[in-house]
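Undergrad: how would this look folded up:
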Amino acid sequence: MRFSAIILLTALLSPVVVQAQKCKGVQFECTNVRKEEGKKKGTKGEPAWTVTGQSRYGNFAYGDTTEVSFTVFKNVNYRISLCSLDPQIQGKIMFQIVERKTQAQTEKYMVTEEVPKTDKDGNILVDQDGNPIMETRTVEKTRRVYGKKPVTRYNNAEDSNKQWVEFTTDQDRTLIIRVVLPSVGDKPKNSLSPQGFACVGLLIEQQMGPQAGGWK
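TA: Next comes the predicted model:
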């Protein structure tokens, strides 16, 4: 790569790098969001909440949807919080917690096979030797199949657009947080432009102790 091209690329990437640096650690601002929403302080003596390594932060385009996979364990309390330093979307982030569960389903399929020919009354027709007269027929059959079906465990749109939720589960699970940013401005024209991006923090905390509520 020529020296002039390197200078040009550096100039283009600088706004993105600065934007990413400003976003770093934004997930810890989510504790302030809960205070603004009237989250009560914990009872004295109850187990402390600790931040997990599954917490994330990043720049996302206005109007986009992103999914983050995370793991939760049986009989552990979890608290999921979302926040942003962007006043245009702060308090307006939509999110769902989704689980893809393996479920049995009935599937219909078509098969072509040789079957005995019958008359209008359902009687099998035979030839002069008494053998069934066969014919090719396409018939519909059913079979039991297993597949992953998304189950929405929580949707903040059904909970006053609250930007955090607490829960526990009765078993280990792999969950997905689906985050939807509001469309408040133009999306970026290319990946090198910081315009149209919002810095979003996802804070995942856990607590050992009395359960907050369960899913089955």
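
Undergrad: tell me the SS of the residue of the chain most remote from its centre?
TA: Using Cα atoms, centre = their mean, the residue of the chain lying farthest from its centre is residue 128. It sits 65.5 Å away. When the structure is split into helix, strand and coil by DSSP: H, G, I helix; E, B strand; the rest coil, residue 128 lands in coil.

Undergrad: now do residue 27
TA: Three-state assignment for residue 27 (three-state DSSP): helix.

Undergrad: Now do the residue lying closest to it once chain neighbours are set aside, the pLDDT please.
TA: Nearest residue to residue 27, sequence neighbours excluded (Cβ to Cβ, 6 or more residues apart in numbering): residue 201, at 3.3 Å. C-beta coordinates here come from the backbone N, C-alpha and C atoms, glycine included. You'll see residue 201 listed with a pLDDT of 95.

Undergrad: in the helix or strand containing residue 201, what's buried?
TA: Taking DSSP states H and E as the definition, one finds residue 201 inside strand 197-208. Neighbour-count burial for strand 197-208 flags 197-207 (criterion: 16 or more other Cβ atoms under 10 Å).

Undergrad: for stretch 163-170, same thing?
TA: For stretch 163-170, the buried set under the neighbour-count rule, 16+ other Cβ under 10 Å, comprises 163-169.

Undergrad: re the thing from before, need the contact list for the residue nearest to residue 27.
TA: Shown in contact with residue 201 (Cβ atoms under 8 Å, 6 or more residues apart in numbering): 23, 25-30, 55-57, 82-84.

Undergrad: Report the buried members of those residues.
TA: Applying 16+ other Cβ under 10 Å to these, the neighbour count classes 23, 26-27, 29-30, 55-57, 82-84 as buried.

Undergrad: What is the end-to-end distance of stretch 168-184?
TA: For stretch 168-184, the first and last residues are 34 Å from each other (Cα to Cα, to the nearest Å).

Undergrad: That stretch: how far from the chain's middle?
TA: Between the centre of stretch 168-184 and the centre of its chain there are 5 Å (Cα atoms, centre = their mean, to the nearest Å).

Undergrad: pLDDT of it, averaged?
TA: 91.
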